[in-house]
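Peer 1: what follows is a predicted structure for the sequence shown.
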Amino acid sequence: MGAKIKIRLGDTFDDPSDLIILPCSTAGTITNFVRNYLLKYNIPMPKPNIKLGSLIIQPFSGGQITRFVGFGVSVHSMTSTAEAISQIGMQIGSFTITEPSVKLIAAPLLGAGAGGLRSEIVIKQLQQGFLSRAHPESTLTINILHESVFGRVVQNLKAIEEDTKSDILIQGNRRLQVFLCHSSEDKEPVRDLYGRLSFDGMMPWFDEESLLPGQDWSQEIRKAVNASDIVIVCLSRNAVRKKGYIQKEITHALDVAEEQPEGTIFLIPLKLEECDVPERLSRWHWVNYYDEKGYGTLLRALKHRSNELNVSYGQEVLYGKADDLIFYEKPDIFK
């Protein structure tokens, strides 16, 4: 049957397993929730100065609950990345090969708390990383503490499964390129938008994720705008008042927009909160992202643009093949 992923409502320590994964930061810090377990089972604290995406595994001698404990380094300076979670998933999978007696692994939603990643992104990255390396008889159980989060995640993943079965919205050979223009003060909501767009199969350009150390950020941003299929200008009260590089980004995006054929959807003002739209952007209809239907409205515009370009829009395939099914415990939540 192959390795499996299971999503479970509950605590990582609820059931016995061969390996338990706990989250920590690159500085070796942990949450109070994790600290309680370390004290209860006399587990040593992780050491500081660890690379993001690392997995540190040690034997466990605190009883029958598990044989190994691992620290997944999933947060750096209150942020995380999908790549780091995927790397942790791959290392967990590799450990089931080097330690073939390890069949059952329990982990929480790494990077979804302090790291700010969407739960669905975490699950997808853990799944892809783990299944690419894991022993075919192993199972990774991802535990979700809160019932409301569990219900939402299951509904979203099942919706993706249904869309995948019917090949809804899958076109072309490349994904829609979306540039996220924003103020530095609005990182948190834009990070959420980046995660949602990535999860829905697009390729958003977000400086925090897309810029590499040592790159000329001014030059790279201009190149990214020029290469984009669509530019989303994220607006807030701070962004509207702020002078500086965001205004240069907007000016360059406006120049590129002027070169587009008439009627093309290329530039979308997106209000993160109630605020005024700058006069030079007022000719374009904006989206109120903070409204309940705001993200859905944005997706309709992106779908329209993808149809014009015959490029991919929509959710990525979550399940690589029939053997890679995700199982759910407590299924009554979504019946």
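Peer 2: Nice, thanks for sending it over.

Peer 1: how about stretch 73-93: buried residues?
Peer 2: By neighbour count with 16 or more other CB atoms under 10 Å, stretch 73-93 contains the buried residues 73-76, 79-82, 84-93. Bear in mind the C-beta positions are built from the backbone N, C-alpha and C, glycine included.

Peer 1: swap that for stretch 202-220, please
Peer 2: 202-207, 209-210.

Peer 1: farthest-apart pair in those, please.
Peer 2: Farthest apart among these by CB to CB are M202 and D207. That separation is 16.5 Å.

Peer 1: picking that back up, tell me which entries of the buried residues of stretch 73-93 lie within strands.
Peer 2: Mapping these onto strands (DSSP state E) picks out 73-75.

Peer 1: where do the strands sit along the chain?
Peer 2: Counting by DSSP E, the strands of the chain are 4-9, 19-25, 55-59, 68-75, 104-107, 139-144, 177-181, 203-205, 230-235, 267-271, 287-288, 326-328.

Peer 1: just send those back as a markdown table, with mean pLDDT too.
Peer 2: Shown next, in a markdown table, are the strands of the chain (pLDDT from 0 to 100):
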| stretch | mean pLDDT |
| --- | --- |
| strand 4-9 | 87 |
| strand 19-25 | 96 |
| strand 55-59 | 95 |
| strand 68-75 | 96 |
| strand 104-107 | 96 |
| strand 139-144 | 92 |
| strand 177-181 | 91 |
| strand 203-205 | 87 |
| strand 230-235 | 93 |
| strand 267-271 | 94 |
| strand 287-288 | 94 |
| strand 326-328 | 56 |
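
Peer 1: nearest to G195, out of the ones you listed?
Peer 2: Among these, strand 203-205 comes nearest to G195, with 8.9 Å by CB to CB.

Peer 1: direction included, what does the closest one pair up with?
Peer 2: strand 177-181 (parallel) (DSSP bridges).

Peer 1: what's the partner strand in contact with?
Peer 2: Defining contact as CB atoms under 8 Å, 6 or more residues apart in numbering, one finds that strand 177-181 is touched by 190, 193-194, 197, 202-206, 224-225, 227-234, 246, 249-250, 253, 302.

Peer 1: just to revisit the earlier point, closest to E308 out of the strands of the chain?
Peer 2: Minimum separation from E308 across the strands of the chain (CB to CB) falls at strand 230-235, 10.0 Å.

Peer 1: so what does the closest one touch, helix or strand wise?
Peer 2: With contacts taken as 3 or more CB pairs under 8 Å, 6 or more residues apart in numbering; DSSP states H and E, strand 230-235 sits against strand 177-181, helix 187-199, helix 245-258, strand 267-271, helix 294-309.

Peer 1: could you redo the last one with a cut-off of 7 Å?
Peer 2: strand 177-181, helix 245-258, strand 267-271 (3 or more CB pairs under 7 Å, 6 or more residues apart in numbering; DSSP states H and E).

Peer 1: mind listing the strands it pairs with, and their directions?
Peer 2: Its sheet considered, strand 230-235 pairs with strand 177-181 (parallel), strand 267-271 (parallel) by DSSP bridges.

Peer 1: quick one: that strand to helix 245-258, angle?
Peer 2: 140 degrees (axes from the mean of the first three to the mean of the last three CA atoms, to 10 degrees).

Peer 1: list of residues touching strand 230-235?
Peer 2: 176, 178-182, 186, 190, 225, 250, 253, 265-272, 275, 277, 281, 302, 305 (CB atoms under 7 Å, 6 or more residues apart in numbering).

Peer 1: between that strand and helix 294-309, how many degrees?
Peer 2: 160 degrees.

Peer 1: may I have strand 230-235 as CSV, with CA atoms only?
Peer 2: C-alpha atoms of strand 230-235 as CSV (Å, rounded to 0.1, in the frame of the first residue of the first chain):
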residue,chain,number,x,y,z
ILE,A,230,-0.8,39.9,-12.6
VAL,A,231,0.1,42.4,-9.8
ILE,A,232,-1.9,42.6,-6.6
VAL,A,233,-1.3,45.9,-4.8
CYS,A,234,-2.0,45.3,-1.1
LEU,A,235,-3.4,48.4,0.5
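
Peer 1: so how far is that strand from its chain's centroid?
Peer 2: 19 Å (CA atoms, centre = their mean, to the nearest Å).

Peer 1: tell me which residues in it are buried?
Peer 2: Across strand 230-235, burial judged by 16+ other CB under 10 Å covers 230-235.

Peer 1: likewise stretch 151-158?
Peer 2: Residues 152-154, 156-157 are the ones in stretch 151-158 that count as buried (16+ other CB under 10 Å).

Peer 1: same check, this time on stretch 19-30
Peer 2: Quick answer for stretch 19-30 (16+ other CB under 10 Å): 19-26, 30.
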